[in-house]
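# fold the stuff below for me.
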Amino acid sequence: MAAARRNKRVAATQPGFLKLNSSLDHSESNIRRKRVNKNKKKNWNKHSDIQDVEEFLDDVRLQERSTGGLISEKSDDNLFFVDTGEHAKNIQKVEGAEKTGRGSRPLRIDLILQHDSLVPPPKDVLAHQLPNAKKLRRIAQRAEQLAAKGVLPRRQKLLLRRKVAAGSKAKERPPANNHPERPFYDLWGEQSEVTADPYYLEQTKKKLVKRPDKLNQKPSELPAVEVIAPGGSYNPEFFSHQALLLQAHEVEVKKQKEEQRVERQLAVRREDKATEETVFQEQVEGLLEEEEEEEPMKEGEESAQGKPVRQKRASREKKTEKQRKRAKTEKEKEQQRRAEQVVTGRKQQLFQLRSIRAELKRREQRTRERQTQRHARKEAQKSLPRRLGRLKFQAPDLEVQLSDEIPGSLRLLRPEGSILKDRFKSLQKRNMIEPRERAKFKRRHKLKYVEKRAFKAIT
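I've put the predicted structure just below:
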């Protein structure tokens, strides 16, 4: 250290040496250096100048990170290259590959995240160490020596004896569940038929209740997250944005028509409005005496006492024998005539087979069309919200920006809507929860006003 400092001091005194900060050097030369005892260990790091050593070590670390080692130890082939011209820089085109251009360059953020150090990671010594490695290695060597001599260890001898004893038994038992040589069991395959009593299985809870097919169906076919229309982007196309604006306009027009319809229903008709004549009649009502003529009571009306007036029924005359025979004869003729019409109609139907067949085809065609319409209506209702409670589902307003509100960049985009409200409306639309209203606050106890003394003194 002292020699390096002496060399710097000698170089600074040479003629032609340019001092970058002369004021600092002049001030340091005027200050008298403090004498420090270097024999003590606590003064070694405190009063030692190791700046040149740190700069050297920083330079070595930089070379190792950038080139993988010291530049002085690198060969000329790794440090220099021969420029053979522009044709060598061209990239050979691969068959079926696109031309490499600006789009093939990696992004700046990817370059920042890449590992740019050429220093290999330190070897993890603990990862290669095993507990009792020397003992295990010694046991393995001993086992190899015994195997070369034909001597088996005690554990293998016991296994061989068990195998021989198991093979000598005449009765074969089914393998246990924990046996390593048991057959493969397919967990997701078809289950074997159960031969036990169904009543016993139900009482012992071993037979599960059949799950209804309706529980496996989703309450709605709508996706959990609906993608907004292309016109809702922060930089949408013109026609997509106009289509979204038209959709929002139709929604507002529909709301306005509904409000106008309610106003028309609640409006007072022109006939019901009060005029001068009706006002005058109401004012003089009861002042003038009008003679009311009593009208005679009609048949079926009630009297003043509230009792209906009974009228004498006309007595029916008894038919003669000749009249009864004539009525009976006419009734038989009418029945015979109707029977002949039925027979004649059946005979005529033989000549109308073509028209009847055409009519049946038309009926079948109408039936198929109605079935198709009914099926399409059912499929359409699967994606619509159902009436689950007292309230009806109200679709949220479309979040759309006007043409002059569209920002020029993503940084100027203003947030719209609420994620919590959007998820809550999505659950209602997919028939998972019923539409609800915000709970109204209801005060349990009435407010009690008390006048304090200070207030009474002022008043």
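# which stretches of the stretch 51-200 of the chain have low pLDDT?
Residues of the stretch 51-200 of the chain that meet the criterion pLDDT under 70 lie in 86-103, 168-177, 179, 182-187, 189-195.
# burial check on residue 385, number of neighbours?
By other Cβ atoms under 10 Å, the residues close to residue 385 number 20. C-betas here are computed from N, CA, C, even on glycine.
# mind checking the SS state of it?
Using DSSP: H, G, I helix; E, B strand; the rest coil, the secondary structure recorded for residue 385 is coil.
# wait, it sits on residue 426?
No - in this structure residue 385 lies outside contact range of residue 426 using Cβ atoms under 8 Å: 10.6 Å.
# would you map out the domains in the protein?
1-10+21-67, 357-393+419-434 (automatic domain parsing).
# single out the most deeply packed of the ones you listed.
Scoring those by mean neighbour count under mean count of other Cβ atoms under 10 Å gives domain 357-393+419-434 as the most buried, with a mean of 12.
# okay, how far is it across that one, tip to tip?
Across domain 357-393+419-434, the terminal residues are separated by 51 Å (Cα to Cα, to the nearest Å).
# and it, how far out from the chain middle?
22 Å (Cα atoms, centre = their mean, to the nearest Å).
# repeat that for stretch 269-288.
65 Å.
# pLDDT averaged over that stretch - what is it?
The average pLDDT within stretch 269-288 is 81.
# what does stretch 333-349 give?
Here the average pLDDT along stretch 333-349 is 91.
# which parts of the stretch 301-450 of the chain are strands?
Under the criterion DSSP state E, counting those that start in this stretch, the stretch 301-450 of the chain contains no strands.
# pLDDT below threshold where in it?
301-315.
# one more time with 80, if that's ok
Filtered on pLDDT under 80, the stretch 301-450 of the chain yields the residue ranges 301-316.
# quick one: the helices in it?
321-350, 353-382, 419-429 (DSSP state H, counting those that start in this stretch).
# contact partners of the last one?
In this structure, residues lying in contact with helix 419-429 by Cβ atoms under 8 Å, 6 or more residues apart in numbering are 220, 222, 224-226, 385, 393, 395-396, 433-435.
# now swap in stretch 63-71 and tell me
60, 74, 78-79, 116-119.
# how about 7 Å then?
60, 74, 117-119 (Cβ atoms under 7 Å, 6 or more residues apart in numbering).
# now do stretch 375-387: everything it contacts.
So stretch 375-387 is in contact with 220-222, 393, 428-429, 431, going by Cβ under 7 Å, 6+ apart.
# again, 10 Å this time
217-223, 392-395, 425, 428-431, 434-435 (Cβ atoms under 10 Å, 6 or more residues apart in numbering).
# how about the closest residue to residue 196 other than its chain neighbours, secondary structure?
Leaving aside its sequence neighbours, residue 196 sits nearest to residue 206 (Cβ to Cβ, 6 or more residues apart in numbering; 7.9 Å). Look at residue 206: counting by three-state DSSP, its state is coil.
# any idea how far residue 206 lies from residue 262?
62 Å (Cβ to Cβ, to the nearest Å).
# check residue 160 too.
96 Å.
# may I see the domains of the chain arranged in JSON lines, with distance to residue 111 as well?
Output for these, formatted as JSON lines (distance: least, Cβ to Cβ, whole Å):
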{"stretch": "domain 1-10+21-67", "distance to residue 111": "15"}
{"stretch": "domain 357-393+419-434", "distance to residue 111": "34"}
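# which one, of these, ends up nearest to residue 317?
Proximity to residue 317 (Cβ to Cβ) singles out domain 357-393+419-434 among the domains of the chain, at 51.8 Å.
# those helices in the stretch 151-300 of the chain, which residues are they?
So, for the stretch 151-300 of the chain - with DSSP H, counting those that start in this stretch - the helices run 154-168, 198-203, 238-266, 276-284.
# a markdown table please, covering these and showing distance to residue 369 and mean neighbour count.
A markdown table is the format used below for those (distance: least, Cβ to Cβ, whole Å; neighbours: other Cβ atoms under 10 Å):
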| stretch | distance to residue 369 | mean neighbour count |
| --- | --- | --- |
| helix 154-168 | 74 | 9 |
| helix 198-203 | 46 | 10 |
| helix 238-266 | 30 | 12 |
| helix 276-284 | 57 | 9 |
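# and the ones you listed as JSON lines, adding distance to residue 323?
Shown next, in JSON lines, are the helices of the stretch 151-300 of the chain (distance: least, Cβ to Cβ, whole Å):
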{"stretch": "helix 154-168", "distance to residue 323": "114"}
{"stretch": "helix 198-203", "distance to residue 323": "77"}
{"stretch": "helix 238-266", "distance to residue 323": "63"}
{"stretch": "helix 276-284", "distance to residue 323": "63"}
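# quick one, which of those is nearest to residue 40?
helix 154-168 (66.5 Å).
# with just CA atoms, put the closest one into CSV.
The C-alpha coordinates for helix 154-168 follow below in CSV (Å, rounded to 0.1, in the frame of the first residue of the first chain):
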residue,chain,number,x,y,z
ARG,A,154,-30.5,-62.8,5.1
ARG,A,155,-33.3,-60.6,3.8
GLN,A,156,-33.3,-62.2,0.4
LYS,A,157,-33.2,-65.7,1.9
LEU,A,158,-36.3,-65.0,3.9
LEU,A,159,-38.1,-63.7,0.8
LEU,A,160,-37.2,-66.9,-1.2
ARG,A,161,-38.5,-69.1,1.7
ARG,A,162,-41.8,-67.2,1.7
LYS,A,163,-42.2,-67.6,-2.1
VAL,A,164,-41.6,-71.4,-1.9
ALA,A,165,-44.0,-71.7,1.0
ALA,A,166,-46.7,-69.7,-0.8
GLY,A,167,-46.3,-71.8,-4.0
SER,A,168,-46.6,-75.1,-2.1
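# first-to-last residue distance for stretch 382-401?
So stretch 382-401: terminal residues 31 Å apart, Cα to Cα.
# scratch that, stretch 112-128
End-to-end for stretch 112-128, by Cα to Cα: 33 Å.
# ok, stretch 145-160 next?
Note: stretch 145-160 ends 20 Å apart using Cα to Cα.
# what does it rub up against?
Counting by Cβ under 10 Å, 6+ apart, 139, 142-143 sit against stretch 145-160.
# now, those that are in strands?
Counting by DSSP state E, no part of those is found in strands.
# switch these over to JSON lines; also include distance to residue 356 and neighbour count.
Shown next, in JSON lines, are these (distance: Cβ to Cβ, whole Å; neighbours: other Cβ atoms under 10 Å):
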{"residue": "139", "distance to residue 356": "100", "neighbour count": "12"}
{"residue": "142", "distance to residue 356": "103", "neighbour count": "11"}
{"residue": "143", "distance to residue 356": "98", "neighbour count": "14"}
